[in-house]
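Novice: Test case, fold it:
(4 chains)
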4 protein chains.
Amino acid sequence: MFAKRTDLALEARELWQESAGKTTRLTGVKAVKRKQEGYPVTRVDILDRRGEEALGKPRGSYLTVDLTTFWQRKSDFFQRAVRAVGTPLKELLPTEGPVLVVGLGNRAMTPDAVGPLTADHVLVTRHLISAMPRQFSGFRPVSVLRSGVLGTTGVESAEAVRGLASEVKPACVIAVDALASRRVGRVCAAVQLSDTGIIPGSGVGNHRHPLNAETLGVPVIAIGVPTVVDSATLAADLLEETGVTDYDEEKLRASRQNLMVTPRDIDQQVRDLGKVIGYGINWALQDLDIDEMNALLS
Amino acid sequence: MFAKRTDLALEARELWQESAGKTTRLTGVKAVKRKQEGYPVTRVDILDRRGEEALGKPRGSYLTVDLTTFWQRKSDFFQRAVRAVGTPLKELLPTEGPVLVVGLGNRAMTPDAVGPLTADHVLVTRHLISAMPRQFSGFRPVSVLRSGVLGTTGVESAEAVRGLASEVKPACVIAVDALASRRVGRVCAAVQLSDTGIIPGSGVGNHRHPLNAETLGVPVIAIGVPTVVDSATLAADLLEETGVTDYDEEKLRASRQNLMVTPRDIDQQVRDLGKVIGYGINWALQDLDIDEMNALLS
Amino acid sequence: MFAKRTDLALEARELWQESAGKTTRLTGVKAVKRKQEGYPVTRVDILDRRGEEALGKPRGSYLTVDLTTFWQRKSDFFQRAVRAVGTPLKELLPTEGPVLVVGLGNRAMTPDAVGPLTADHVLVTRHLISAMPRQFSGFRPVSVLRSGVLGTTGVESAEAVRGLASEVKPACVIAVDALASRRVGRVCAAVQLSDTGIIPGSGVGNHRHPLNAETLGVPVIAIGVPTVVDSATLAADLLEETGVTDYDEEKLRASRQNLMVTPRDIDQQVRDLGKVIGYGINWALQDLDIDEMNALLS
Amino acid sequence: MFAKRTDLALEARELWQESAGKTTRLTGVKAVKRKQEGYPVTRVDILDRRGEEALGKPRGSYLTVDLTTFWQRKSDFFQRAVRAVGTPLKELLPTEGPVLVVGLGNRAMTPDAVGPLTADHVLVTRHLISAMPRQFSGFRPVSVLRSGVLGTTGVESAEAVRGLASEVKPACVIAVDALASRRVGRVCAAVQLSDTGIIPGSGVGNHRHPLNAETLGVPVIAIGVPTVVDSATLAADLLEETGVTDYDEEKLRASRQNLMVTPRDIDQQVRDLGKVIGYGINWALQDLDIDEMNALLS
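Specialist: Below you'll find the predicted structure:
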């Protein structure tokens, strides 16, 4: 077994438990499971220094919605998913003040496009509230940044967000990005929401400057979806299932860094997830039902 | 004759002369014609208060490159156009320091897309210089902003530029946008460069907050291309040519505000112009020939 | 007054009446007005040789739906428009047998994109019926051709349709294209349905080989939307309104052939119209309501 | 070791040798290696029934160009690659007569987009030759079909090609598609050309009706690029490298059918390969150098 990298607190906890053994107890971390609109939600709270060290993640709350059954497209699956994402988001958000939603990642690279695709479904209201106060005074001010890609802007996402935030002065930033998972089964099937910020490009791109309360001066809620696993993770997963244990993990980890593993219909899946998360953000921020969102966003 | 709106200093001068009569002399404005790579260039300098009032534009230099013959696609038309745009730009630019290029306008609306299309051809170097100083130390640092559309961002272009400029700290901003012309013949055939800044959305969108040295704290070089005329301008142009003079200009001006007049192949033309201007910017900023740009931008 | 070109039978009839004088009676043509879902519908039937000569169009039925009020976006405007387009279509269609829907025009050129955009909203069923007969046996077999542009295929649309029809063997072809109008007010506001076939590219492109029962061997229902007027039409319209009558019509007609006049928000309008027509086709062909179409097409 | 599926004759031969043992000799198959413009080319000829059975592929010639070093972007890599693809293509093509180029696959799904992307770079001449015989009589007539996806057309690619071929009457069809490989190292690094036709969708889609001389009545030259490997292939590859041999191959093969493995920068790679193959086709068909292609295709 090797220390697979993961962006999900849920998985970091599983990994810790695997390596520590079943009987050891993890301290400094609290985990609770529940159901939200039929979708399982796991809340992991990292409470103190020991928890941070055990899971390799900063103190805070991490809620993961399991959307595996979304793809079975059963009754009301979309509406339920919107609320299943929107409700935990509401728990993490400040109750009032303007919000800046940031779609991180590269629209031209499918597994990295979930941020920009989400941005397209967010109801943008900031300019309407000042232009038509009578009709829009009931809305929470929302602006959107598609931060683009370093290669075509020359600017780090963190710089772009900080610059815009200095103008828009949001009470809170919501940053949406693709993540990496260690479990093939969680690809395009889990949405993690946390109040600890994000390092853009964890999933597909390179590690870059963090977006968090320290660097931006306001709370940063991160929403992430694993859209790829690396090839070593896939191989290790497959080996475990087939009962092989005596492989050279270092060699496996080193090879094929330039490959990624995605679902065959990744294009459709990231499009659907972008809509679920965008609508989930609207659901958490505005007093609207889904039909009203459809009408306003068409 | 009615006071047609124009973004081109060249045309404002023509209009002043038409309404003042041929024998009256315009003071406070200097105009010089020359050829650049076979393309006519007119430089209009507004020198003082009287010039500003006569032309309705702020003091400064306005260079207009006439690319009419570009569309005949004669020998080296593209390379010559790049240098014909790049050379006047060099005259207006500070000789050193980082540059922020802003592509204004709406990529999804063809006649408004010249800004974003230009941005796609600008050589972005800021991040390369810090990441690979040995190879890229000879380049001038360039970053790019595609400011997007108010309806999908909630943020005025001027706010977005100011925010990013506070991070990037450019010595100069180059802002590219679609303009309005009063002459059908100048649509997609003139490029105006000026050192006086720009009001985004003059051509196709609505009037918005200005981008200039006063609002940004650094010089703003504007590059604009007329891509539409309004229907009243077209009708007045056609009437003049057919010898009609006794029409009700107020009525003409009032009608059909929601229509625009563009070339039939506007899609191809804005794509070509975006490439000419993008390469012209590279030509003015970097020590590269066009083959080298092709290699770096492919 | 000059003989403005029009693709709409409705307008050809108006023009005939204008030039013939109010008291002369048009024979060989029958015209009836009605309302469909709140939208006015005019049915013009060209009955014989005299009617053909008077209107310059082949014998057959031409139904024009006036969607002017669609853009006011009042209650149920979309659903009503779908049925207002779908009901006349049903009148023209054979009651059973497979259908081939052809989206004519150039997706990359906004005012010419209404055909391909419509195609994207047509429920494609032919392959489903053979693959999953149990679930889809209730559907009418529909296939779709996006015929593309001569410059990028080397093939006339009529050839492409004839070739595919020889494989698919439809009972009927529905061909959707952009048209030209002589009235600015009808641009993006009228949908004409006829059982007489179509000459692709009438609106924006060049005249090409016809698609009709004679060339294809099966009935061709044409659905057309005017998306542009030419600049001479605009100028003539404006002049009439301002009371000018003494202009040189030949000169006006000759000039500015390379310009087109479109609504400022043509991008949004052709997108909306493509959806209305696509759903209208589904409404005429399949036993589905609009919510069911949404579910199947998402 | 398990019988991994491969579309490459080259690999089928390797697999046969692996399973038969090093000392057994393969009859009915001839293989020759050479260099073309610095890129290795392997020609495999399947000569008779025994060869067909051994490799599981029809009799004919299979030339594979190894573009691995293309990605190092050394001197003239693009021009050399165009000629390295174009020269073997010339060997397989009939020397004269019209050609129909078919871009198979789904433009919206990155690893399946190599066919449509190639089509965008093919010089389309059929319509020009008849419209401007004086200027274009020296060109070979070329038309292009982008056959689209069953789900959005309702029509099998083979039906669409057969229908269009009945109109265009080509002397030869060139069909371009994504393939599957059994070697991770060949993904986006090998181009196979063969004179035996193709089964569309082998790489990413499902198996469908074949395109070959039997079904179309004219020779079908297939050009294929592996753009994905399946996850079982990846895992098996990795295991071999790490020295594991005792795994349950059936289990490995059965799992994760819905995943695919691609390069991280697949978007860029298929774009580049589409251009190389499109220009290679032009190089084989027309008497043009690459600068002339650039000028005609811009």
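Novice: And the strands in the stretch 51-200 of chain A, which stretches?
Specialist: Taking DSSP state E, counting those that start in this stretch, the strands of the stretch 51-200 of chain A run over residues A:60-66, A:99-103, A:142-146, A:172-180, A:190-194.
Novice: right, so the ones you listed: which one is the most enclosed?
Specialist: Most buried of these by mean neighbour count (mean count of other Cβ atoms under 10 Å in any protein chain shown) is strand A:99-103; its value is a mean of 28. Yep, even glycine has a C-beta here, placed from its N, CA and C like the rest.
Novice: wait, does it contact chain B?
Specialist: No - Strand A:99-103 lies apart from chain B when judged by Cβ under 8 Å from any Cβ of the partner chain; the minimum separation is 8.8 Å.
Novice: which helices and strands sit right next to that strand?
Specialist: Counting contacts by 3 or more Cβ pairs under 8 Å, 6 or more residues apart in numbering or on different chains; DSSP states H and E, strand A:99-103 packs against helix A:114-119, strand A:142-146, helix A:157-168, strand A:172-180.
Novice: Among the ones you listed, single out whichever gets nearest to B:Ser137.
Specialist: helix A:157-168 (21.1 Å; Cβ to Cβ).
Novice: need the helices and strands packed on strand A:99-103 in a markdown table with mean pLDDT, can you?
Specialist: Below are the helices and strands packed on strand A:99-103 laid out as a markdown table (pLDDT from 0 to 100):
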| stretch | mean pLDDT |
| --- | --- |
| helix A:114-119 | 97 |
| strand A:142-146 | 98 |
| helix A:157-168 | 96 |
| strand A:172-180 | 95 |
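Novice: Which stretch among those approaches chain C most closely?
Specialist: helix A:114-119 (14.4 Å; Cβ to the nearest Cβ).
Novice: coming back round to it: the helices and strands packed on strand A:99-103: which one's closest to chain D?
Specialist: Taking the helices and strands packed on strand A:99-103 one by one with Cβ to the nearest Cβ, strand A:172-180 is closest: 11.9 Å.
Novice: Show me what that closest one is packed up against.
Specialist: So strand A:172-180, by 3+ Cβ pairs under 8 Å, 6+ apart, packs with strand A:99-103, helix A:114-119, helix A:157-168, strand A:220-230.
Novice: Centre of the chain to that strand, how far?
Specialist: Remark: strand A:172-180 is offset 5 Å from the chain centroid, using Cα atoms, centre = their mean, to the nearest Å.
Novice: Can you tell me the strand partners of it and which way each runs?
Specialist: Applying DSSP bridges, strand A:172-180 is found paired with strand A:99-103 (parallel), strand A:220-230 (parallel).
Novice: Columns distance to C:Glu292 on top of the ones you listed, output as CSV?
Specialist: As requested, the strands paired with strand A:172-180 are exported to CSV (distance: least, Cβ to Cβ, whole Å):
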stretch, distance to C:Glu292
strand A:99-103, 32
strand A:220-230, 29
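Novice: so which of the ones you listed gets nearest C:Gly21?
Specialist: Across the strands paired with strand A:172-180, closest to C:Gly21 is strand A:99-103 (Cβ to Cβ), at 62.6 Å.
Novice: CA-only coordinates of the closest one in CSV, if you can.
Specialist: Written as CSV, here are the backbone C-alpha positions of strand A:99-103 (Å, rounded to 0.1, in the frame of the first residue of the first chain):
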residue,chain,number,x,y,z
VAL,A,99,-20.3,36.6,-2.9
LEU,A,100,-17.6,36.2,-5.6
VAL,A,101,-17.8,32.8,-7.3
VAL,A,102,-14.5,31.7,-9.0
GLY,A,103,-14.5,29.0,-11.7
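Novice: Return the residues of the stretch 51-200 of chain A in contact with chain B.
Specialist: Near chain B, when you scan the stretch 51-200 of chain A using Cβ under 8 Å from any Cβ, you find A:120, A:124-128, A:141-146, A:148, A:150-156, A:159-160, A:162-168.
Novice: Could you give me the ChimeraX selection string for whichever of those residues are buried?
Specialist: Applying 16 or more other Cβ atoms under 10 Å in any protein chain shown to these leaves a buried subset, and the ChimeraX line that selects it is:
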select /A:120,124,125,126,127,128,141,142,143,144,145,146,148,150,152,153,154,155,156,159,160,162,163,164,165,166,167,168
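Novice: How far does stretch A:151-164 stretch from one end to the other?
Specialist: Terminal residues of stretch A:151-164 lie 19 Å apart, using Cα to Cα, to the nearest Å.
Novice: now what about that stretch, what contacts it?
Specialist: Residues from elsewhere that reach stretch A:151-164 (Cβ atoms under 8 Å, 6 or more residues apart in numbering or on different chains): A:100, A:102, A:104, A:143, A:145, A:147-148, A:150, A:173, A:175, A:200-201, A:208-211, A:215-216, B:120, B:124-128, B:141-145, B:155, B:159-160, B:163-168.
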